[in-house]
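In: can you look at this prediction? I've put the sequence above it.
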Amino acid sequence: MDIIIIAAISDNLALGVKGGLPWDMPADRDFLTSHIQGKFQLMGRRSYEEIAATDYFTASFHAVLTSREGVSIRQGDTFSSIQQILDFASQRNERELIVLGGGSVYSQTIPLANKMILTEIHTEVDADTFFPEVNMSEWEVVKRESHQADHENPHDYDFVWYDRK
């Protein structure tokens, strides 16, 4: 099973601020949606709560990592460990497990992942949640699409696909 990290990060590795994104980048939102739609998705509770109000994050299953009891998950369930989620996905014969954050979940799953798809947003922003440091010598870029800022997307950005070496 492929374990695929998907994230949008700034040049200073910012992921989020106050439970939301520190930018509005419709191109990234569309890109993300196209890569996760209908797939088995793993995320932390706060990340799930952030996206639960939207309809564009449909999944075959939402696996939500949390220690809280009684959290209600649409199209999914809660788990108390990454290993429980991996075992469950394996039992379902999932081919891909999409990791959507937040920061703590990324820290726990990067050592297990064999692919990353990052939107690298070329700006530095204030944030309270950051993508973990990654030893990039363990990864190789297999594809990069560079884009200029435009009237909807205020920052230059790259979509970058990485495979673990």
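Out: Nice, I can see it.
In: in the lowest-mean-pLDDT helix or strand in the chain, which residues are buried?
Out: Here the helix or strand of the chain ranked lowest by mean pLDDT, DSSP states H and E is helix 45-52, holding a mean of 82. Of the residues in helix 45-52, those buried by neighbour count under the rule 16 or more other C-beta atoms under 10 Å are 45-48, 50-51. The C-beta positions use only the backbone N, C-alpha and C, and glycine is treated the same way.
In: check the residues you listed against residue 101 and report the nearest one.
Out: Comparing those against residue 101 with C-beta to C-beta places residue 47 closest, at 4.8 Å.
In: I'd say the closest one and residue 98 touch.
Out: No: under the criterion of C-beta atoms under 8 Å, residue 47 is not in contact with residue 98, lying 11.9 Å apart.
In: what's in contact with the strand or helix carrying residue 97?
Out: Secondary-structure element containing residue 97, defined by DSSP states H and E: strand 96-99. Strand 96-99 is touched from outside by 1-6, 35-36, 39-43, 63, 85-86, 89, 105-106, 109, 113, with contacts defined as C-beta atoms under 8 Å, 6 or more residues apart in numbering.
In: again, 10 Å this time
Out: When contacts are defined by C-beta atoms under 10 Å, 6 or more residues apart in numbering, strand 96-99 is touched by residues 1-7, 32, 35-37, 39-44, 47, 59-61, 63, 65, 82, 85-86, 88-90, 105-106, 108-110, 112-113, 115-117.
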